[in-house]
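In: this one's structure only:
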């Protein structure tokens, strides 16, 4: 089934070119189907890139998905025009009265800052608290995962001497978990961060389970009872996302390390190898199917996770 996105969203042309079934609002309303309503808090500066990455994965599943995008009012992004935000995004104030089947909070290029020093931390914290009673399942990515683990469970992040940058091998830590259905025993996912979440901190919280980890540390952490997922890597990345970051830092004279397991023979002059595409599709499809679609109430107004 298709993903319903706003008319004229730039991601539409890209997704249609990849044979991802997208549907505009007018056509969606003509179908007698109750779509999954997904809210996306996009904290990345270049909004349209992240939109395309997420919609590509959300749109390649058997269920109809309707996505709403919001940005933070307490810090208006400088890399995206106000006209673009006005046309395609809302604010938390505009959606806080609604309930959603799923909620995605993206990463953000602010990991070096303590959480409380982030300009929009209070607003993000309010949204995360709201999600506990207004969202059936939440999916936190990279900084969003660190922020969620810290806010909900007091799990700290730690500065690393060397940046985690590249495509890392991971393994499964549990058997027969629905979110991991179809995963190989070992698989690869991109990471790009200066901070880490440590297993010993996670282990102090009985409600949390490490579902997958690898050379980059814990990768998928979950509170399965509350359907909260914290993803420390970037399975949604495009083939050239790490290359763009490496080239940018190289041009800035920062002498970055070549991303691990990315270029054949570790040679940046050769096209990178994509090792994570199937993982990305499985991860998002399993989340939507097993932790959203299969359990969310038909009438969202009846949703209340507070006492789950």
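Out: Alright, I've got the coordinates. As the structure is a prediction and not an experimental result, all values here were calculated from the model.
In: tell me the strands in the stretch 201-308 of the chain, going along the chain?
Out: 209-214, 217-223, 228-231 (DSSP state E, counting those that start in this stretch).
In: now for those strands, which one comes closest to residue 37?
Out: For the strands of the stretch 201-308 of the chain, the distance to residue 37 is smallest for strand 228-231, at 17.7 Å, taking CB to CB. All C-beta spots, glycine's among them, are computed from the backbone N, C-alpha and C.
In: So which helix or strand of the chain has the lowest pLDDT on average?
Out: helix 25-29 (a mean of 51; mean pLDDT, DSSP states H and E).
In: among the strands of the stretch 201-308 of the chain, which is nearest residue 295?
Out: That would be, of the strands of the stretch 201-308 of the chain and by CB to CB, strand 228-231, which comes in at 13.6 Å.
In: partner strands of that closest one, parallel or antiparallel?
Out: strand 135-141 (parallel), strand 217-223 (antiparallel) (DSSP bridges).
In: Pick the most buried one from these.
Out: Compared across the strands paired with strand 228-231, strand 135-141 shows the largest average neighbour count, a mean of 26 (mean count of other CB atoms under 10 Å).
In: Other residues contacting the longest strand seen in the chain?
Out: Counting by DSSP state E, the longest strand found in the chain is strand 158-172. When contacts are defined by CB atoms under 8 Å, 6 or more residues apart in numbering, strand 158-172 is touched by residues 112, 180, 183, 185-198, 211-217, 219, 233, 242, 245-246, 256-257, 259-262, 275-276.
In: Report the buried residues of stretch 277-296.
Out: 279-293, 296 (16 or more other CB atoms under 10 Å).
In: Averaged pLDDT, it. What do you get?
Out: Across stretch 277-296, the average pLDDT comes to 94.
In: That stretch: end-to-end distance?
Out: 27 Å (CA to CA, to the nearest Å).
In: centre of the chain versus it, how much separation?
Out: In terms of CA atoms, centre = their mean, to the nearest Å, the centre of stretch 277-296 is set 12 Å apart from its chain centre.
In: how many neighbours does residue 240 have?
Out: Neighbour count of residue 240, defined by other CB atoms under 10 Å: 13.
In: if I look at the closest residue to it other than its chain neighbours, how far off is residue 48?
Out: Spatial nearest neighbour of residue 240, chain neighbours left out: residue 272 (7.0 Å); criterion: CB to CB, 6 or more residues apart in numbering. Note on residue 272: its distance to residue 48, by CB to CB, to the nearest Å, is 22 Å.
In: Make CSV out of the strands paired with strand 228-231 and add distance to residue 169.
Out: What follows is the strands paired with strand 228-231, written out as CSV (distance: least, CB to CB, whole Å):
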stretch, distance to residue 169
strand 135-141, 19
strand 217-223, 10
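In: Next, format the ones you listed as JSON lines and append mean pLDDT.
Out: Listed next are the strands paired with strand 228-231 as JSON lines, based on pLDDT from 0 to 100:
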{"stretch": "strand 135-141", "mean pLDDT": "97"}
{"stretch": "strand 217-223", "mean pLDDT": "98"}
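In: Out of those, which gets nearest to residue 176?
Out: Proximity to residue 176, assessed across those by CB to CB, is greatest for strand 217-223 (14.1 Å).
In: which outside residues touch the closest one?
Out: By CB under 8 Å, 6+ apart, the list of residues contacting strand 217-223 reads 145, 149, 152-153, 164, 170, 179-180, 189, 196-199, 202, 207-213, 228-233.
In: just checking, what packs against the strand or helix carrying residue 147?
Out: Here residue 147, judged by DSSP states H and E, is contained in helix 143-153. Other elements packing on helix 143-153 under the criterion 3 or more CB pairs under 8 Å, 6 or more residues apart in numbering; DSSP states H and E are strand 100-105, helix 121-134, strand 135-141, strand 217-223, strand 228-231.
In: Using TSV, please lay out the ones you listed together with distance to residue 78.
Out: Listed next are those as TSV, based on distance: least, CB to CB, whole Å:
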stretch	distance to residue 78
strand 100-105	20
helix 121-134	17
strand 135-141	21
strand 217-223	31
strand 228-231	26
